[in-house]
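J.: Give me coordinates for this.
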Amino acid sequence: QLQLVESGGGLVQPGGSLRLSCAASGYNVDYYHVGWFRQAPGKEREGVGCISSVGGNTNYADSVKGRFTVSRDTAKNTVYLQMNSLKPEDTAVYYCALRGPTAQPMCQFEGYASWGQGTQVTVSS
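T.: Below you'll find the model as predicted:
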């Protein structure tokens, strides 16, 4: 069964941290670009970070550079989004998604076809 399951969302104060997980079943994440996206109420979905299949190269939106980190655990077939120095404007539903299989060395935020159900992140005092 092909499935992506996000977890780790919740309520955090400004300046705090969260780590989101994207567990893949039926896919080998090593062969796919894995992207993290978010959608806030009334706003369009935007890409925040991704990790490439080949080389594990990462790419980030300007709004999260230096604060968010995407990583991959091959043994667990899971991709993570570490979010530090969170701001209220980071509040959104966060999704992971797959593009591929692909051997391209760099990931972008287009062309993702398989999506998880999302996890809510709320940054508020």
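
J.: all strands of this structure, in order?
T.: 3-7, 10-12, 18-25, 33-39, 46-51, 58-60, 68-73, 78-83, 92-99, 114-115, 119-123 (DSSP state E).

J.: can you redo those strands as TSV with mean pLDDT, mean neighbour count and distance to Cys107?
T.: (C-beta placed from N, C-alpha, C; glycine too.) Formatted as TSV, the strands of the chain follow (pLDDT from 0 to 100; neighbours: other C-beta atoms under 10 Å; distance: least, C-beta to C-beta, whole Å):
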stretch	mean pLDDT	mean neighbour count	distance to Cys107
strand 3-7	95	17	16
strand 10-12	98	14	26
strand 18-25	97	18	14
strand 33-39	98	24	4
strand 46-51	98	22	4
strand 58-60	98	17	5
strand 68-73	97	18	9
strand 78-83	98	22	11
strand 92-99	97	23	7
strand 114-115	96	16	14
strand 119-123	98	18	20
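
J.: For Met106, which of those is the nearest?
T.: Closest to Met106 of the strands of the chain is strand 58-60 (C-beta to C-beta; 6.5 Å).

J.: same for the closest one, what does it pack against?
T.: strand 46-51, strand 68-73 (3 or more C-beta pairs under 8 Å, 6 or more residues apart in numbering; DSSP states H and E).

J.: which other residues reach the last one?
T.: Spelled out, that is strand 68-73. Contacts of strand 68-73 with the rest of the structure, by C-beta atoms under 8 Å, 6 or more residues apart in numbering, involve 29-30, 34, 36, 48-51, 56, 58, 60, 78-84.

J.: re the thing from before, indicate which one of the helices and strands packed on strand 58-60 is closest to Val123.
T.: The nearest among those, by C-beta to C-beta, is strand 68-73 at 12.7 Å.

J.: Only alpha carbons, please: show the closest one as CSV.
T.: C-alpha atoms of strand 68-73 as CSV (Å, rounded to 0.1, in the frame of the first residue of the first chain):
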residue,chain,number,x,y,z
PHE,A,68,14.1,24.8,8.7
THR,A,69,16.1,21.7,7.9
VAL,A,70,15.0,18.7,5.8
SER,A,71,16.7,15.4,6.4
ARG,A,72,16.2,11.7,5.5
ASP,A,73,16.6,8.5,7.4
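
J.: Nothing else from me, thank you.
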